[in-house]
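[1] Task: produce atomic coordinates for the following.
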Amino acid sequence: MEQQLTPRWWAVVAVMMGIFLLVTAEQLPIGLLSQVAADMGVTPGMAGLMVTVPGVVAAFSAPLLPVAVGRLDRRIMLTLMMVVMVVGSALSAVASNFALLLAARVLVGMSIGGFWAIAGSIAPRLVPGDQVAKAMTLIFGGVAAASVLGVPLGTLLGDASHWRVAFGALGGLSLLTAIALWCWLPPLPPKEPVRLRMLAQQLSNRGVRVAVLTTGFVVVGHFVAYTFISPILQDISGVAQRHVGSLLLLYGAAGILGNIAAGMFAGRHPYRAVLVIPSLLLVVVAIFPVVGVEPTRGVLLLMLWGAVFGSVSVSVQTWILRTAPNTEAATALMAFVFNMSIGVGAMVGGQVVDSTSLPITMWAASGLFLLGMLLVLRTPSRVVGEKHR
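    Residues are numbered from 1 along each chain as shown. The predicted structure is shown next:
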């Protein structure tokens, strides 16, 4: 039995590596925002488009690419998406102006959407039923690992050398991951091709609707504020710019712990796991401009912020697996919402921060967390098969 399971667990690791690099690629500009803005001669709000563009492209790629490829083996699709990531990262590293950099980020967005749409529902096809929760925790651990390793190390590399070097390194690691995916994944023909009508059908299920809307409120709110975490730490908490990369390591480490805790808790209590997320984010982000006004308290709030947001992916995906009529279609829909929310959040945050201030931007984000919390509170826990004690 062990010999039969080992190859499939290597496949799970390969998918986790892909998620890790995709999230790193999407969020890396957050840590390098000040560098790129200065080098390209744009405002921080304009530089935030490096997060908005791939987020929006990924949002539309997530539901449309699985439809477009039809019955294409998912192993081939996942590998191709990583190859597209290689090209997008390489072009980002050599872009001569900001317009070309944004064009390269379009390719990054395509790979993110196409990969995530399949990866989120693949665990049940790789491991036995009683191992699915562990496989999902590992796969979505790539999201938190991107925060603890990818984005911070990319930021440190960019600070020590140049932001272009960070994007080039990302391209090299993406190439290695594409090879691993091809070698380790088994053939994965789709059980049923995803049709556009299937995506709409998922919304007829109340559990899916609540998951979609709550994810939208939480992710938009998060990126309204977190896109500008570098200036937040510097201007509100008094942290020197040279320490931002190191502090993002702490943020990511907290995110990994949050992902692990959520993976264990959400399997038994998906309703409560999802409810806790906007509730805690509301408190942390709302008080940050008032409480986090010196380095120590700012860092503590940053770590709590990371732990809570690190639990989002595995908690919501567990909710989806409990409620969705078609898990691959629902996962593609969730990938659309998640990535569109990243793009919208970064764009809205850029407009707010350029026209008002960092504290107001954080309070605007808190308002979105409040909406997410109220939505879950209005939903009966029996929707996901959970009863209050």
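[2] Per-residue pLDDT of the nearest residue to L304 once chain neighbours are set aside, please?
    Nearest non-adjacent residue to L304, counting by Cβ to Cβ, 6 or more residues apart in numbering: V284, 5.3 Å away. Heads up, the C-betas are built off the backbone N, CA and C, glycines and all. Looking at V284, its pLDDT reads 97.
[3] gap between V284 and L375?
    19 Å (Cβ to Cβ, to the nearest Å).
[4] Look at those two and report which has more neighbours.
    V284 (25 against 19; other Cβ atoms under 10 Å).
[5] circling back to that earlier point, now do the same contact list for the residue nearest to L304.
    L301, L304, W305, V308 (Cβ atoms under 8 Å, 6 or more residues apart in numbering).
[6] Would you confirm that P289 contacts T361?
    No: the pair P289 / T361 is not scored as a contact, 9.1 Å apart, by Cβ atoms under 8 Å.
[7] what residue ranges in the protein score low on pLDDT?
    Low-confidence segments of the chain, defined by pLDDT under 70, span residues 1-7, 144, 147-148, 192-194, 196, 387-389.
[8] what ranges do the helices span in the stretch 201-350 of the chain?
    206-226, 229-235, 244-266, 270-291, 295-309, 312-323, 327-355 (DSSP state H, counting those that start in this stretch).
[9] Comparing P289 and T361, which residue is more hemmed in?
    More crowded of P289 and T361, by other Cβ under 10 Å: T361, with 26 against 21.
[10] just checking, the more buried one touches A225?
    Yes: T361 is in contact with A225 according to Cβ under 8 Å; the separation is 6.0 Å.
[11] Check the contact lists of these two and give me the overlap.
    G349.
[12] Distance of V94 relative to T214?
    V94 is 40 Å from T214, by Cβ to Cβ.
[13] Same drill for the two, tell me which one is more crowded.
    When V94 and T214 are compared for neighbours, T214 comes out ahead with 26 against 12, by other Cβ under 10 Å.
[14] in which helix or strand would I find the spatially closest residue to the more buried one that is not a sequence neighbour?
    In space, and not counting its chain neighbours, T214 is closest to G372: 4.8 Å by Cβ to Cβ, 6+ apart. If you go by DSSP states H and E, G372 is part of helix 358-377.
[15] Just want the angle from that helix to helix 327-355.
    150 degrees (axes from the mean of the first three to the mean of the last three Cα atoms, to 10 degrees).
[16] residues contacting W163?
    L32, Q35, V36, D39.
[17] meant to ask about L185
    Taking Cβ under 8 Å, 6+ apart, one finds A11, A14, V15, R74, R75, L78, T79 in contact with L185.
[18] give me the number of residues near the first one?
    Going back to what we said before, that points to A11. 25.
[19] From V344, how far out is it?
    In terms of Cβ to Cβ, A11 sits 33 Å off from V344.
[20] How about the fifth one?
    Spatial separation of R75 from V344 under the definition Cβ to Cβ is 32 Å.
[21] Take the contacts of W163 and keep only those in helices.
    If you go by DSSP state H, the contacts of W163 have Q35, V36, D39 in helices.
[22] Now flag whichever of these is closest to V67.
    V36 (33.9 Å; Cβ to Cβ).
[23] show me what contacts the closest one?
    P29, V42, A47, M50, L101, W163.
[24] From V42, how far out is it?
    Applying Cβ to Cβ to V36 and V42 gives a distance of 8 Å.
[25] Tell me which residues of stretch 57-70 come out buried.
    The neighbour-count check on stretch 57-70 (16 or more other Cβ atoms under 10 Å) flags V57, A58, A59, S61, A62, P63, L64, L65, P66, V67, V69 as buried.
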